[in-house]
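when you get a sec, could you give me coordinates for this:
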Amino acid sequence: MNHLREILTELQKIQEPVVLVTHLSAETQTERPLGARWICAASAQLEAKEPLRAEILATLQEGRPRIVILEGRTELLLEPLQPGRLAPWIHFCAQLLERDKACVPAVVIKAEGEIPYLVGETFAYDARSHGLVPLDQELNIALHHATGRALKEGTARIERFPVPGGNVTLLLEPLGGN
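Below you'll find the model as predicted:
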């Protein structure tokens, strides 16, 4: 797995704005697996190579999640985070993992059409499909089934779902549990 438990713990301790980077390329020749995450702080940019460093700074300036493609093949989701203002999914997943419970964050990586979902928006399900769920009942049911499959198989996956007005594509990442 990609050590998301440790990353969630670190995110709860941040003292400055950071960018949570999520690897979205599924090709086997890349050095990081689908769903791998890491934290990049503006003050510690030496850990990031150009052009990623420039994209991190731009994401912090814009203050919104965005997808970037580096070197024509590596797709990344960059999410700016502020100390004391972390997204609810981070707290939800961290609490479940602290109790050795399973969870599946499901982050929007593509929004097509006139839909109410934005890139970077994250839903989160526990093993019983409770949690931070979309208001759209059909999407909620479809995500319930998809997160169940992801937990059973134990691998990150990208899935596309039809919603009224378009489609939404999400990265589902099963975490923890006994």
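
thought residue 24 was touching residue 169?
No. The criterion here is C-beta atoms under 8 Å, and residue 24 misses it with residue 169 at 9.8 Å. C-beta here means a position set from N, CA and C on the backbone, and glycine is covered the same way.

those two: which is more packed in?
More neighbours surround residue 24 than the other of residue 24 and residue 169, with 23 against 17 (other C-beta atoms under 10 Å).

return the backbone torsion pair for that one.
In terms of degrees, to the nearest 10, the main-chain angles of residue 24 are phi -110, psi 0.

check contacts around it.
Contacts for residue 24 (C-beta atoms under 8 Å, 6 or more residues apart in numbering) come out as 34, 67, 75-77, 109, 158, 171.

which of the residues you listed are buried?
34, 75-77, 109, 171 (16 or more other C-beta atoms under 10 Å).

list just the nearest of those to residue 98.
Nearest to residue 98 among the buried ones among the contacts of residue 24 is residue 171, at 22.7 Å by C-beta to C-beta.

pLDDT weak spots in the chain?
Residues of the chain meeting the criterion pLDDT under 70: 1-2, 26-30, 43-49, 177-178.

for the helix ranked longest in the chain, output the C-alpha coordinates as CSV.
Longest helix in the chain, counting residues (DSSP state H): helix 137-153. Provided in CSV are the C-alpha atoms of helix 137-153 (Å, rounded to 0.1, in the frame of the first residue of the first chain):
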residue,chain,number,x,y,z
GLN,A,137,-28.7,8.4,-4.4
GLU,A,138,-27.8,6.6,-7.6
LEU,A,139,-24.1,7.6,-7.4
ASN,A,140,-24.1,6.7,-3.7
ILE,A,141,-25.4,3.2,-4.5
ALA,A,142,-22.9,2.7,-7.4
LEU,A,143,-20.1,3.9,-5.1
HIS,A,144,-21.3,1.5,-2.4
HIS,A,145,-20.9,-1.4,-4.7
ALA,A,146,-17.6,-0.1,-6.2
THR,A,147,-16.0,0.5,-2.8
GLY,A,148,-17.1,-2.9,-1.6
ARG,A,149,-15.3,-4.5,-4.6
ALA,A,150,-12.2,-2.3,-4.0
LEU,A,151,-12.1,-3.4,-0.3
LYS,A,152,-12.5,-7.1,-1.3
GLU,A,153,-9.8,-6.9,-4.0
